[in-house]
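Peer 1: next input, structure requested:
(2 chains)
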Amino acid sequence: RKEVEQDPGPFNVPEGATVAFNCTYSNSASQSFFWYRQDCRKEPKLLMSVYSSGNEDGRFTAQLNRASQYISLLIRDSKLSDSATYLCVSHSGAGSYQLTFGKGTKLSVIP
Amino acid sequence: EAGVTQFPSHSVIEKGQTVTLRCDPISGHDNLYWYRRVMGKEIKFLLHFVKESKQDESGMPNNRFLAERTGGTYSTLKVQPAELEDSGVYFCASSQVGTGVEAFFGQGTRLTVV
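Peer 2: The predicted model follows:
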């Protein structure tokens, strides 16, 4: 079983729609979580950090459910510019700085 | 402020040759990381420097890979000799001490071994 699992998609949604991605993690000791966004052939860019139960930044909301070991990302009022691959990332803590990545969920926002 | 920069952006080499990748972290970032994404797989951790010291190299695949960070500034990752399975995108990232693991990534070096 992968440490961080995501639905690869693609998710094709119209502009203005709300879309949600889920991500599950297997390491119950994971301390913190992140959503990164990666455009085609570009570097991953940090979108949101999730340290407690959740985080909200404008149209983006991330939620963490430690009991069920999943993290979600909700995007409201989707824009064309939101089209990208969204990477779910965990950090185990325990003195290590390693980030564990999921394979990513591809989002295409359609006009 | 300049971000993390990597050189070269692309490299095509023959099996058995040597390649050296370079990473310049964001100025002032003591933490420097190397990650790799091979085709069809997720991004995976290779190693972590704090200044010039290797803090964690548990992700290095084998002894054909050598990372250095002399002087605690830029870092190099050498693959010698390269094998076909080394093909992929090598990302470098950096973060400040004290901000935890919120890392900023470079654009990556796309390595193709033929």
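Peer 1: going by C-alpha atoms from here, please, whenever you check contacts or count neighbours.
Peer 2: OK.
Peer 1: and stretch A:76-88, is it in reach of chain B?
Peer 2: No. For stretch A:76-88, no contact with chain B is found by CA under 8 Å from any CA of the partner chain; the gap never falls below 9.2 Å.
Peer 1: tell me the mean pLDDT over that stretch?
Peer 2: Stretch A:76-88 comes out with an average pLDDT of 97.
Peer 1: near chain B, which residues of chain A are found?
Peer 2: Neighbours of chain B within chain A, by CA under 8 Å from any CA: A:42-46, A:49, A:91, A:96-104.
Peer 1: so which of those residues wins on neighbours?
Peer 2: A:G104 (28 neighbours; other CA atoms under 10 Å in any protein chain shown).
Peer 1: so it sits against A:F11, correct?
Peer 2: No. Counting by CA atoms under 8 Å, A:G104 does not reach A:F11; the two are 11.5 Å apart.
Peer 1: in helices, which of the residues of chain A next to chain B fall?
Peer 2: With helices defined by DSSP state H, no entry of the residues of chain A next to chain B lies inside them.
Peer 1: B:M39: which of those is nearest?
Peer 2: A:K103 (10.7 Å; CA to CA).
Peer 1: on the pLDDT front, check the residue lying closest to the closest one once chain neighbours are set aside for me.
Peer 2: Nearest residue to A:K103, sequence neighbours excluded (CA to CA, 6 or more residues apart in numbering or on different chains): B:E42, at 4.4 Å. pLDDT, B:E42: 95.
Peer 1: give me every residue that touches B:E42.
Peer 2: With contacts defined as CA atoms under 8 Å, 6 or more residues apart in numbering or on different chains, the neighbours of B:E42 are A:F101, A:G102, A:K103, A:G104.
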